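Enquirer: Build the 3D model from these lines:
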Amino acid sequence: MNKQKRSDIPEVDIVLWGAAGFIGRLLAGYLWPKYGASGEIRFALGGLEKPELEAVRRELKADDRLPLIVGNAFDETFINALTKKARLVVSTVGPYAKYGSILVAACAANGTDYCDLSGETPWMHRMINAHQKEAEASGARIVHSCGFDSIPSDLGVLFLQTRAQERFGHPMTDVKMRVKSLRGGASGGTVASMLNVIEEIRKDPEVAKIAKNPYALAPEGMRSGVRQPNVSTFEYDADVQSWVAPFVMAAVNTRVVHRSNALTGYAWGKAFKYDEAMMMGDGLKGRIRAAAFAGTIGAFLLGGYFTPTRFLMQKTLLPKPGEGPSPEARESGFYKLYLIGKDSEGNEMRVTVKGDRDPGYGSTCKMLGETAVCLFSEIGKKDVNGGFWTPATAMGQKLIDRLTASAGLTFEAENEL
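Expert: Here you go, the predicted model:
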């Protein structure tokens, strides 16, 4: 690895940081043909090793119009120079708690927009606390959780509440998301991020408190509220006529949704409730599946908590960083989510969100890519000020429109199905 001199770092619109990683390659493969090859947006590939970045550029059949930026995520001088030369940085380098803090700090200081795939609630909590005021002053718009966690949930709730407002004249006070179906694989990077959060919780009781707080990502002074529902084992849900079990992404999705509500001045009410779970089917078979799935999630979390079992899981059971589902698995993947909203008057609004690829990778790279392009090209600094935002509060309907037009997502209300 040869760090570039500041004078050698090109001025570009968007840097794909971590472009040689598993999801970084997918992101580059999505964005360059669609927006870069035509010259519409000036991209650069960024990362630690020049040969790996050159390999990505060859895969894309790109040329010197796609420059490479080589440096270390821990080198503050380099990261500061990079963020001064880019208008937006999109990062796929996780665990973010290990590799992302210096980059976020530099973006906040230099007024550089930023988005990522983080599902690491304690880390996002720290970044908001440390850099919110600085980002406000510099004009940097920073948006975490721009993949499967948490765009379908965050934008799904926004879509539902918008339709509810149109139909009933007010938002729904109680919303739940239920995963109807999902097919996809896990990558080593995602697993590493999850295990890193578990390790932080194990080491620090304060981190555990943050992770348990459904309002942990809300602005300071707004981090408490009504008691939130939480499917922690398994139960029967009459609204979807199915047994349900914990959804592993709920721990971050619910926090992002509550931040969206807080950032909008409680547009959905201070008593707003939101939870998520996986549907396992009706009857005895559904109950058995729900119990087994809840047990599996519990075993994973428990195994990740203790060093010996975590080491054994990483060595024998879990994918390693840089590994992920095959192209065939990504192409054949899909997901279908139900969102159900209710109010105190007995009204109900139902919405379906669907994606046409593996949720964590095939669909996520498109969601992250369109988020970056939307923030760069459609959301002016006068439209959204500097600070830490969510996909719903930074881009809202404009991002929904992009995702439905280009990224294989659909958002449909019950009466529109």
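
Enquirer: ok, now which ones touch the nearest residue to Phe168 once chain neighbours are set aside?
Expert: Nearest in space to Phe168, with sequence neighbours left out and distances taken as CB to CB, 6 or more residues apart in numbering, is Asn347 at 5.2 Å. (Glycine included, C-beta is placed from N, CA and C.) Shown in contact with Asn347 (CB atoms under 8 Å, 6 or more residues apart in numbering): 164, 167-168, 172.

Enquirer: next one: Ala28
Expert: Ala28 neighbours (CB under 8 Å, 6+ apart): 16, 19, 43, 45, 56, 60.

Enquirer: Domains of this protein: list them as residue ranges, please.
Expert: Using automatic domain parsing, the domain parsing of the chain gives 6-143, 151-359+400-416.

Enquirer: deepest of these, which one?
Expert: Most buried of these by mean neighbour count (mean count of other CB atoms under 10 Å) is domain 6-143; its value is a mean of 20.

Enquirer: quick one: average confidence on it?
Expert: The pLDDT scores in domain 6-143 average 96.

Enquirer: and the gap between Ala86 and Ile69?
Expert: 8 Å (CB to CB, to the nearest Å).

Enquirer: Please enumerate the shared neighbours of those two.
Expert: Joint contacts of Ala86 and Ile69 (CB under 8 Å, 6+ apart) are 15, 44.

Enquirer: Arg163: what's its closest spatial neighbour, skipping adjacent residues?
Expert: Spatial nearest neighbour of Arg163, excluding adjacent residues (CB to CB, 6+ apart): Ala413 at 4.6 Å.

Enquirer: So what pairs up with that neighbour in the strands?
Expert: Val351 (DSSP bridges).

Enquirer: got a list of what it touches?
Expert: 159-160, 163, 349-351.

Enquirer: isn't Ala37 right up against Ala62?
Expert: Yes. Using CB atoms under 8 Å, Ala37 is in contact with Ala62, at 7.2 Å.

Enquirer: Which strands or helices does the top helix by length along the chain pack on?
Expert: If you go by DSSP state H, the chain has its longest helix at helix 283-305. Here helix 283-305 touches helix 188-203, strand 242-245, strand 273-281, helix 307-316, going by 3 or more CB pairs under 8 Å, 6 or more residues apart in numbering; DSSP states H and E.

Enquirer: would you turn the ones you listed into CSV with distance to Glu235?
Expert: What follows is those, written out as CSV (distance: least, CB to CB, whole Å):
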stretch, distance to Glu235
helix 188-203, 24
strand 242-245, 6
strand 273-281, 8
helix 307-316, 27
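
Enquirer: Which one of the ones you listed lies nearest to Cys146?
Expert: helix 188-203 (14.2 Å; CB to CB).

Enquirer: related to what we said a few turns ago, between the contacts of Ala413, which sits nearest Val373?
Expert: Phe159 (20.0 Å).

Enquirer: Show residues contacting the helix or strand Gly156 falls within.
Expert: Assigned by DSSP states H and E, Gly156 falls within helix 151-168. With contacts defined as CB under 8 Å, 6+ apart, helix 151-168 is touched by 145, 170-172, 175, 177, 249, 253-254, 256-257, 260, 267-268, 274, 276, 335, 337, 339, 341, 343, 345, 347, 349, 351, 353, 355, 367, 371, 390-392, 396-397, 399-400, 403, 409, 411, 413.

Enquirer: what do you get if the cut-off is 7 Å, keeping everything else the same?
Expert: Helix 151-168 has contacts (CB atoms under 7 Å, 6 or more residues apart in numbering) with 171-172, 175, 177, 253, 256-257, 260, 268, 274, 276, 337, 339, 341, 343, 347, 349, 351, 353, 355, 367, 390-392, 396, 399-400, 411, 413.

Enquirer: Look up how far Val143 lies from Ile379.
Expert: In terms of CB to CB, Ile379 sits 10 Å off from Val143.

Enquirer: Quickly list what's touching both of these two.
Expert: Joint contacts of Ile379 and Val143 (CB under 7 Å, 6+ apart) are Ala394.

Enquirer: mind saving the C-alpha coords of stretch 92-99 as CSV?
Expert: Included here for stretch 92-99 are C-alpha records, laid out as CSV according to Å, rounded to 0.1, in the frame of the first residue of the first chain:
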residue,chain,number,x,y,z
THR,A,92,-18.6,0.0,2.8
VAL,A,93,-15.7,-0.5,5.2
GLY,A,94,-16.9,-2.3,8.3
PRO,A,95,-17.0,-3.0,11.1
TYR,A,96,-17.5,0.8,11.2
ALA,A,97,-16.6,1.0,14.9
LYS,A,98,-13.1,-0.2,13.9
TYR,A,99,-12.6,1.4,10.6
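
Enquirer: confidence score at Val191?
Expert: For Val191, the pLDDT comes out at 70.

Enquirer: from the chain's centre, how far out does stretch 361-376 sit?
Expert: Mean C-alpha position of stretch 361-376 versus that of the full chain (CA atoms, centre = their mean, to the nearest Å) differs by 10 Å.

Enquirer: just use 46 as the starting number from now, easier for me
Expert: Got it, first residue is 46 now, which makes that one stretch 406-421.

Enquirer: export the very next helix or strand once past the helix holding Gly201 as PDB, just CAs?
Expert: Past helix 196-213, further along toward the C-terminus, the next helix or strand under DSSP H and E is strand 219-228. Output in PDB follows, covering the C-alpha atoms of strand 219-228 (Å, rounded to 0.1, in the frame of the first residue of the first chain):
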ATOM      1  CA  ASP A 219     -48.800   2.000  16.200                       C
ATOM      2  CA  VAL A 220     -46.800   0.500  13.300                       C
ATOM      3  CA  LYS A 221     -45.300  -3.000  13.000                       C
ATOM      4  CA  MET A 222     -43.200  -4.500  10.300                       C
ATOM      5  CA  ARG A 223     -43.400  -8.300   9.600                       C
ATOM      6  CA  VAL A 224     -41.000 -10.100   7.300                       C
ATOM      7  CA  LYS A 225     -43.200 -12.300   5.100                       C
ATOM      8  CA  SER A 226     -40.500 -13.900   3.100                       C
ATOM      9  CA  LEU A 227     -36.700 -13.400   2.600                       C
ATOM     10  CA  ARG A 228     -34.100 -15.300   0.700                       C
END
